[in-house]
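> everything below, folded, please.
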Amino acid sequence: MAQFEQLVAANKRNSVLLVIAFIAFLCVLGGVLGWAIWGDPRAAVPSIAIALAVSLVMALIGYFSGPQAVLALSGARPLSKQEDPQLYNVVEELTLASGLPMPKLHVIDTPAMNAFATGRSPERAHVAVTRGLRERLSRDQLQGVLAHELSHVKNLDIRFMTLMAVLVGTVVMLAHIGTRAIFYGGGRRRSSKGSGPLILIVLAVAVVLAIVAPILAKLIQLAVSRQREFLADASAARMTRYPEGLAGALEVLAADTHELPQASGATAHLFISEPRMARGRRRRHGSAWSSHPPIEERVRRLRSIGGMQR
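Alright, predicted model coming up:
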């Protein structure tokens, strides 16, 4: 059990460190662009403040409007207890075991196998499963998948990943505005008045950062997403006390032949497995550009947790 707690703590710590790195990167980008645009190092501080303020406003918008938009984009419809009493029964058991309130359940009418959770708080959570997943998993496997999604709710991953999406959006916006401002004048006015070579260096750094920043921001967001998937897997194993249920479900998902056309780049990270990949690629997919860890690595970790519990 001590090893299990260490695994959960390490996943949380890695996610927090990545977010801190992301915010620091955003501040550096805002400061350098401000200096380059105005040709004055004193402009860096207000530029950082503006970048953080924009992030806050965008975060509030995403916090209040994001969940309903995700459900609509994914084609999820509300699912009544009369329509699927067994699914409700499994979720009720898990919420009682975890102390979570009952989420609203939804179904996506597609043969693809997947599931996701959304909502701005545990009290306003939504869990959606596809018809394909509901039809093809055993009860233990279904319980593992739903425990994974409820773990995202309990760990506040929905809120966490909304913050990450907002930070990425802010970086992309700053980079776009910054490059336009630099190329249409900006710091060059000061450099032309004899402010020396320093402003030329700052301008060069600002241009490079503006080009590279969106790429680095996306890579950090994906790294955070992978850490949260590992954390949700470990938390699900603790919730069910049966890691093999989720491990078996992931192996079934890895062999699924269907893609989920309702998923987009903006929502793919929410699903339990990469929703836009053809058969066989889910298992191998483990690059820096993936929102999910390789399924074989997730299965290996889950079965190592099972070994700890025996």
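> in this protein, spot the helix with the most residues.
Ranked by number of residues, the top helix in the chain under DSSP state H is helix 197-240.
> by contact count, what packs against that helix?
helix 2-38, helix 85-98, helix 139-154, helix 157-183, helix 188-191, helix 243-254, helix 295-309 (3 or more Cβ pairs under 8 Å, 6 or more residues apart in numbering; DSSP states H and E). In short, each C-beta sits where N, CA and C put it, glycine included.
> in CSV: these, plus mean neighbour count and mean pLDDT.
Shown next, in CSV, are those (neighbours: other Cβ atoms under 10 Å; pLDDT from 0 to 100):
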stretch, mean neighbour count, mean pLDDT
helix 2-38, 18, 76
helix 85-98, 16, 95
helix 139-154, 24, 95
helix 157-183, 20, 78
helix 188-191, 16, 50
helix 243-254, 23, 95
helix 295-309, 17, 83
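> ok, which of these comes nearest Pro111?
helix 243-254 (12.8 Å; Cβ to Cβ).
> centre of the chain to that closest one, how far?
Taking Cα atoms, centre = their mean, to the nearest Å, one finds the center of helix 243-254 at 21 Å from the center of the full chain.
> ok, now stretch 81-100?
On Cα atoms, centre = their mean, the centre of stretch 81-100 falls 25 Å from the chain's centre.
> just the C-alpha atoms of it, please, in PDB.
C-alpha atoms of stretch 81-100 as PDB (Å, rounded to 0.1, in the frame of the first residue of the first chain):
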ATOM      1  CA  LYS A  81     -31.900   5.000 -15.400                       C
ATOM      2  CA  GLN A  82     -34.800   3.100 -17.000                       C
ATOM      3  CA  GLU A  83     -32.800   2.900 -20.300                       C
ATOM      4  CA  ASP A  84     -29.700   1.400 -18.600                       C
ATOM      5  CA  PRO A  85     -30.300   0.300 -15.000                       C
ATOM      6  CA  GLN A  86     -27.100  -1.800 -14.800                       C
ATOM      7  CA  LEU A  87     -24.900   1.200 -15.800                       C
ATOM      8  CA  TYR A  88     -26.600   3.300 -13.200                       C
ATOM      9  CA  ASN A  89     -26.100   0.500 -10.600                       C
ATOM     10  CA  VAL A  90     -22.300   0.300 -11.300                       C
ATOM     11  CA  VAL A  91     -21.900   4.100 -11.000                       C
ATOM     12  CA  GLU A  92     -24.000   4.200  -7.800                       C
ATOM     13  CA  GLU A  93     -21.700   1.500  -6.300                       C
ATOM     14  CA  LEU A  94     -18.600   3.500  -7.200                       C
ATOM     15  CA  THR A  95     -19.900   6.800  -5.900                       C
ATOM     16  CA  LEU A  96     -20.900   5.300  -2.600                       C
ATOM     17  CA  ALA A  97     -17.400   3.700  -2.300                       C
ATOM     18  CA  SER A  98     -15.600   7.000  -3.200                       C
ATOM     19  CA  GLY A  99     -17.900   9.500  -1.500                       C
ATOM     20  CA  LEU A 100     -18.600  11.300  -4.700                       C
END
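> hmm, who's touching that stretch?
79, 101-103, 105, 107, 122, 125, 127, 129, 134, 139, 142-143, 146-147, 150, 153-154, 239-240 (Cβ atoms under 8 Å, 6 or more residues apart in numbering).
> hmm, try it at 10 Å
79-80, 101-103, 105, 107, 122-123, 125, 127, 129, 134, 139-140, 142-143, 145-147, 149-151, 153-154, 235-236, 238-241 (Cβ atoms under 10 Å, 6 or more residues apart in numbering).
> returning to what we had before: would CSV of the helices and strands packed on helix 197-240 with distance to Leu222 be doable?
Formatted as CSV, the helices and strands packed on helix 197-240 follow (distance: least, Cβ to Cβ, whole Å):
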stretch, distance to Leu222
helix 2-38, 10
helix 85-98, 27
helix 139-154, 16
helix 157-183, 9
helix 188-191, 35
helix 243-254, 19
helix 295-309, 15
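> many thanks, have a good one.
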